[in-house]
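*Asks:* Structure, please.
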Amino acid sequence: MKASVLLLVLLTACACGTSPTPAPSPRQPHITWQDFHGVRLPLSDADGPRVLDHDRAQGFTRTRQGALLAALHIAVRANSQWGPAVFEPTITEQVTGPDADRLLEQTRNQYEESRQEAGLSQGSPLGKAFVDEEAYRWESYTPDAAAVDIVSAGPDPRGTTVRATTRIQVVWHEADWRVVAPLDGDWSNMATELKSLDGYTPFEG
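*Replies:* Down below sits the predicted model:
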């Protein structure tokens, strides 16, 4: 299954004119939802992100909810869709692990290929991406490291809704959560197509 059908690279495949289905929000206090170029992401007054600047998101609490929010916000921003002004500092500063450099290399290559195909100038974002974050399932959590499976949905090129679950790992480092780069810098190694939400906790709202 190609990465373009999966959670994070699903963003690229969904950069079309299809209107997104409103995303549900989690069963947590003080949660609001922000539209991030077509992707709706949750914000928490209690758990972060505390800093939103130049399409970056930083500052999450050392809690289960903070880890979940960090996994979503950082992983979504570590994508070629938004251009190098977003994905370069996000990966450089907020992604860790032995394959972080490989992730940056692959994201740069994906961006350049898509940019040239679209005839865009260097540095331009590739456009909106309509993806809904639908549900999650914890694999593990400690105050130092966590792993969570996140379900995303969006239209494929035929207009059919596709779902994928991607495992995102985070670690607590230098007073904030960092996403661990996927194996070989390729999110398809961490993602699978999903047919049922059984066993997952929906983001409600």
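*Asks:* By residue count, which strand of this protein is the longest?
*Replies:* For the chain, the strand reaching the highest residue count under DSSP state E is reported as strand 161-173.
*Asks:* Against which helices or strands is the next helix or strand after that one packed?
*Replies:* Using DSSP states H and E, the next helix or strand after strand 161-173 towards the C-terminus is strand 176-180. Other helices and strands packing on strand 176-180, by 3 or more C-beta pairs under 8 Å, 6 or more residues apart in numbering; DSSP states H and E, are helix 64-77, helix 84-94, strand 95-96, strand 161-173. Placement of C-beta: from N, CA and C, glycine included.
*Asks:* Now Thr63: closest residue in space that isn't a chain neighbour?
*Replies:* Distances taken as C-beta to C-beta, 6 or more residues apart in numbering place Asp47 nearest to Thr63, at 5.9 Å, with adjacent residues excluded.
*Asks:* Can you report how many residues neighbour that neighbour?
*Replies:* Asp47: 23 surrounding residues under other C-beta atoms under 10 Å.
*Asks:* what's near enough to touch it?
*Replies:* Gln28, Phe60, Thr61, Thr63, Gln65, Gly66, Leu69 (C-beta atoms under 8 Å, 6 or more residues apart in numbering).
*Asks:* Most neighbours among those, which one?
*Replies:* That'd be Leu69 among those, by other C-beta under 10 Å, with 28 neighbours.
*Asks:* how about the helices in the chain?
*Replies:* Assigned by DSSP state H, the helices in the chain fall at 10-13, 64-77, 84-94, 100-118.
*Asks:* Just the pLDDT for the closest residue to Leu41 other than its chain neighbours.
*Replies:* Among residues not flanking Leu41 along the chain, Gln34 sits closest, at 5.4 Å (C-beta to C-beta, 6+ apart). Per-residue confidence (pLDDT) for Gln34: 90.
*Asks:* wait, Gln34 sits on Pro49?
*Replies:* No: Gln34 lies out of contact with Pro49 (C-beta atoms under 8 Å); the separation is 9.6 Å.
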